[in-house]
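Enquirer: coords please:
(one chain, ligands or ions: 1)
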Amino acid sequence: MSERTLVLVKPDGVARGLVGEVIARIERKGLKLAALELRTADRATAEQHYAEHDGKSFYGDLVDFITGGPLVAIVVEGVRAIPAFRQLAGGTDPVEKATPGTIRGDFGTEVQYNLVHGSDSVESAEREIKIWFPNL
Ligand code: CMP
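Expert: Next comes the predicted model:
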């Protein structure tokens, strides 16, 4: 069944010139782009997006980082799009969890600078798509 997921190419991914690489992997997997925008997130958007991490030790740094430069927000659509993109991304920690062949495993080293975000459930995807693309 077709579903939608929210993908971010985070500011580190944009700064390193990996936007095309990430989009190519999404498309090669057979998923479609339903919306895409380059923008610098304001704090309110970042805080809403990462609300579940509020109170964690890394939360402040995470919001600073995600608002610190342009990112690319993408709505990705397709069969099993949510787990399919998480498979492409690899585990949160680019060294300890992500394996070679994944975006984080191929290009990342630090857990904070892990290049991409992908929604982790249908509920998260709906919530996050509303935050980034309220008119979709
Ligand atoms: P993401 O999938 O966007 O969801 C939450 C983000 O918090 C995660 O990717 C990482 O960028 C970041 N994160 C998770 N754990 C840590 C940590 N221990 N230290 C710093 N950042 C973290």
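
Enquirer: all strands of the protein, in order?
Expert: Ranges of strands in the chain, per DSSP state E, are 2-9, 32-39, 71-79, 116-118.

Enquirer: Relative to the ligand, which of those strands is closest?
Expert: strand 116-118 (3.5 Å; C-beta to the nearest ligand atom). Glycine gets a C-beta too; all of them are placed from N, C-alpha and C.

Enquirer: Quick check: neighbours of that closest one in the sheet, parallel or antiparallel?
Expert: strand 2-9 (antiparallel) (DSSP bridges).

Enquirer: buried sites along the strand it pairs with?
Expert: Neighbour-count burial for strand 2-9, with 16 or more other C-beta atoms under 10 Å as criterion, is recorded at 3, 4, 5, 6, 7, 8, 9.

Enquirer: Likewise for stretch 18-33?
Expert: 18, 19, 21, 22, 23, 25, 26, 31.

Enquirer: which ones among those are found in helices?
Expert: 19, 21, 22, 23, 25, 26 (DSSP state H).

Enquirer: The third one: what's it in contact with?
Expert: Contacts were defined as C-beta atoms under 8 Å, 6 or more residues apart in numbering; by that measure residue 22 touches 7, 9, 13, 72, 103, 115, 116.

Enquirer: can I get the residues you listed in a markdown table with distance to residue 96 and pLDDT?
Expert: What follows is these, written out as a markdown table (distance: C-beta to C-beta, whole Å; pLDDT from 0 to 100):
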| residue | distance to residue 96 | pLDDT |
| --- | --- | --- |
| 7 | 22 | 99 |
| 9 | 22 | 99 |
| 13 | 19 | 98 |
| 72 | 26 | 99 |
| 103 | 15 | 99 |
| 115 | 15 | 98 |
| 116 | 17 | 98 |
